[in-house]
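Visitor: no sequence on this one, just coordinates:
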């Protein structure tokens, strides 16, 4: 893995798939990292990946095989590596021996559905970047029957505090006597965007499920189930 330019040491450890940049900073602060035989203290110390030698706890760090996972996140599970309150995390569903993986974006505790995880930080950044225009599709159950007034308000966008929140598309999927299921398609992906839009309009969210990212659909993957993506599935996300 050759680099033509230098990157910071913490970022280098992330690019190599060893750990997150935050975790790398902690390792560097704990003086567990050596660079070309010396112990740097600055996480921004320049590194030429493929040329400079990085060691953690005396072991040379080599580029990890890039891996890509899909998880059907259950409701009530947090998207974090550990939780101070002892709550179940998405990593409890991935098993042992998987190496370091980071979520590609997040789903809040009350949300469920398709979550991607990878050790390829550059790929994750592309998937998340608004400039990539990769659509994220959600099915949302609301605590009222949708009407044209609500759908048009969502299509026009909602101002929430100092933020303007927009969707690419929204439509009603089905309805019951007291609630509706809506399909939202987003390309912005701001924090809690759908919940914030609906809350601003006084609409209760009963369930929120991410069902697709780009051309990759959640499909029949069981709740809590996970597996590696193949090359065709990765390509479908960015198509």
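Guide: That came through fine. Since the structure is predicted, the reported quantities are computational estimates derived from the model, not experimental observations.
Visitor: every contact and neighbour count from this point should use C-alpha atoms.
Guide: Will do.
Visitor: which residues in this protein form helices?
Guide: 9-15, 21-29, 121-128, 148-156, 193-200, 231-238 (DSSP state H).
Visitor: present these as TSV; the columns should include mean neighbour count, distance to residue 39 and mean pLDDT.
Guide: Converted to TSV, these look like this (neighbours: other C-alpha atoms under 10 Å; distance: least, C-alpha to C-alpha, whole Å; pLDDT from 0 to 100):
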stretch	mean neighbour count	distance to residue 39	mean pLDDT
helix 9-15	24	11	90
helix 21-29	17	8	92
helix 121-128	17	25	90
helix 148-156	14	54	96
helix 193-200	17	43	95
helix 231-238	14	38	91
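Visitor: which helices and strands does the longest strand along the chain pack with?
Guide: Counting by DSSP state E, the longest strand found in the chain is strand 205-213. Contacts defined by 3 or more C-alpha pairs under 8 Å, 6 or more residues apart in numbering; DSSP states H and E place strand 205-213 against strand 112-118, strand 136-142, helix 193-200.
Visitor: that older thread, tell me which of the helices of the chain lies nearest to residue 110.
Guide: helix 193-200 (10.5 Å; C-alpha to C-alpha).
Visitor: and that closest one with strand 136-142, angle?
Guide: Put simply, helix 193-200 runs at 30 degrees to strand 136-142, going by axes from the mean of the first three to the mean of the last three C-alpha atoms, to 10 degrees.
Visitor: contacts for helix 193-200?
Guide: 154, 158-160, 165, 184, 204-205 (C-alpha atoms under 8 Å, 6 or more residues apart in numbering).
Visitor: swap in stretch 218-231?
Guide: For stretch 218-231, the surrounding residues in contact (C-alpha under 8 Å, 6+ apart) are 67-74, 93-94, 113-114, 210-212.
Visitor: got any ranges where the chain has weak pLDDT?
Guide: 1-4, 96-97 (pLDDT under 70).
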